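just coords:
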Ligand SMILES: O=P(O)(O)OC[C@H]1O[C@](O)(COP(=O)(O)O)[C@@H](O)[C@@H]1O
Ligand SMILES: [Mg+2]
Ligand SMILES: [Mg+2]
């Protein structure tokens, strides 16, 4: 089985991008090690701090953020990073040609139950003539690479540099990510969906109608039974979708009018959208492709409906029948 770097060279990736991705894999191996040590590494539980989004930070959110930030800023090709756990961007090498946005630890509520968590990252080109946060305000279609690391029973790196979506598995004996699935393709049809059902009363009419029809199963208008899964970590739910198809959504809801979405555009939705679309799936906000959205803030949130093409289209058809709530 091939190691990560030779597969990137075979794809004719720029050496500068390879260096950035190599840095991400180094950080990921360290995070995986700390996670596997669990309580023995003293990294479980919460800190006394909140991040910019008012969420209590877990110790591992902070550890993973620090590791990624420090290593990426040491890389000469990285000009700046933006992280879920940082209020503002952090600038590194003046010569750097890439910007990296990341969610250092996705699925934080799973840390203390030894559940699935991951790291999600997006690589953008540094635009000419712009400085500061504005540099990051590019639509997802500009991404030159996107991926995630899933810390599960095995640690996996799932990556695209604009060509195929590839899956690598960390071989603990040699400490290397080895290519275990060279080309990921999402089946166009599915009978599986993922949504946090406890938010049902807050959804839009369109989402209510769509999910009700899925739940009606064989006897309902869809005339087939659907199964439901919810990992409470986008990284785990998207990994299932990439592995066997499905629809994953964290939609608009009316709970908090000033915070109607949960997932973040730059470091959750955009990188996952690139992976899903390169694997032949669709990633939308229910109306438009995620990767066409022009960001206005580095911590901007967005509705997400992604996965098997025909199922996402079916969900979008329900949305097209109702006025857009945002
Ligand atoms: O608490 P809920 O509604 O299950 O939310 C789960 C969602 O929140 C997230 O955990 C948010 O990510 P963070 O853990 O990085 O804040 C998503 O990964 C996941 O899909
Ligand atoms: Mg997250
Ligand atoms: Mg996070």
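Happy to help now that I have it. Just so it is clear, the model here is predicted, and its values are computed rather than measured. Ligands and ions are numbered 1, 2, ... in the order given.

ok, now which ones touch residue 325?
Counting by CB atoms under 8 Å, 6 or more residues apart in numbering, residue 325 makes contact with 204, 252, 254, 260. No exception for glycine: its C-beta is placed from N, CA and C like everyone else's.

In CSV: these, plus neighbour count and distance to residue 136.
As requested, the contacts of residue 325 are arranged in CSV below (neighbours: other CB atoms under 10 Å; distance: CB to CB, whole Å):
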residue, neighbour count, distance to residue 136
204, 22, 29
252, 25, 23
254, 13, 29
260, 18, 22
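
Please list the members of those residues that lie in helices.
Residues of the contacts of residue 325 located in helices (DSSP state H): none.

Mind checking which of those are in strands?
Among the contacts of residue 325, none falls in strands (DSSP state E).

Include distance to residue 171 and pLDDT when you put these into JSON lines, please.
What follows is the contacts of residue 325, written out as JSON lines (distance: CB to CB, whole Å; pLDDT from 0 to 100):
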{"residue": "204", "distance to residue 171": "45", "pLDDT": "97"}
{"residue": "252", "distance to residue 171": "41", "pLDDT": "96"}
{"residue": "254", "distance to residue 171": "47", "pLDDT": "94"}
{"residue": "260", "distance to residue 171": "43", "pLDDT": "94"}
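
Could you list the paired strands of the lowest-mean-pLDDT helix or strand in the chain along with their orientation?
Per-element confidence for the chain was summarised using mean pLDDT, DSSP states H and E. The lowest value among helices and strands belongs to strand 46-50, with a mean of 71. Strand 46-50 sits in its sheet next to strand 56-58 (antiparallel), going by DSSP bridges.

ok, the helix or strand just after the strand it pairs with near ligand 1 or not?
Downstream of strand 56-58, the next assigned helix or strand under DSSP states H and E is helix 59-74. No. Helix 59-74 is not in contact with ligand 1 by CB under 6 Å from any ligand atom; minimum separation 7.5 Å.

what residues does helix 59-74 touch?
Contacts of helix 59-74 with the rest of the structure, by CB under 8 Å, 6+ apart, involve 20, 23-24, 26-27, 30-31, 34-35, 42-47, 49, 51, 78, 81, 83-86, 90, 92-93, 100, 102, 104-105, 108, 111, 117, 119, 121.

The following helix or strand past that helix and ligand 3, any residue contact?
Secondary structure here is assigned by DSSP H and E; on that basis, the next helix or strand after helix 59-74 toward the C-terminus is strand 78-83. No. Applying CB under 5 Å from the ion, one finds strand 78-83 separated from ligand 3 by no less than 8.8 Å.

packing partners for strand 78-83?
For strand 78-83, the helices and strands in contact under the criterion 3 or more CB pairs under 8 Å, 6 or more residues apart in numbering; DSSP states H and E are helix 59-74, strand 90-91, strand 98-106.

Just checking: what are the partner strands of that strand?
In the sheet containing strand 78-83, its partner strands are strand 90-91 (antiparallel), strand 98-106 (parallel), by DSSP bridges.

ok, of the contacts of helix 59-74, which come out buried?
With burial judged by 16 or more other CB atoms under 10 Å, the buried subset of these is 20, 23-24, 27, 31, 34-35, 43-44, 51, 78, 81, 83-86, 92, 100, 102, 104-105, 108, 111, 117, 119, 121.

restrict those residues to contacts with ligand 1.
Filtering these for proximity to ligand 1 (criterion: CB under 6 Å from any ligand atom) leaves 84, 108.
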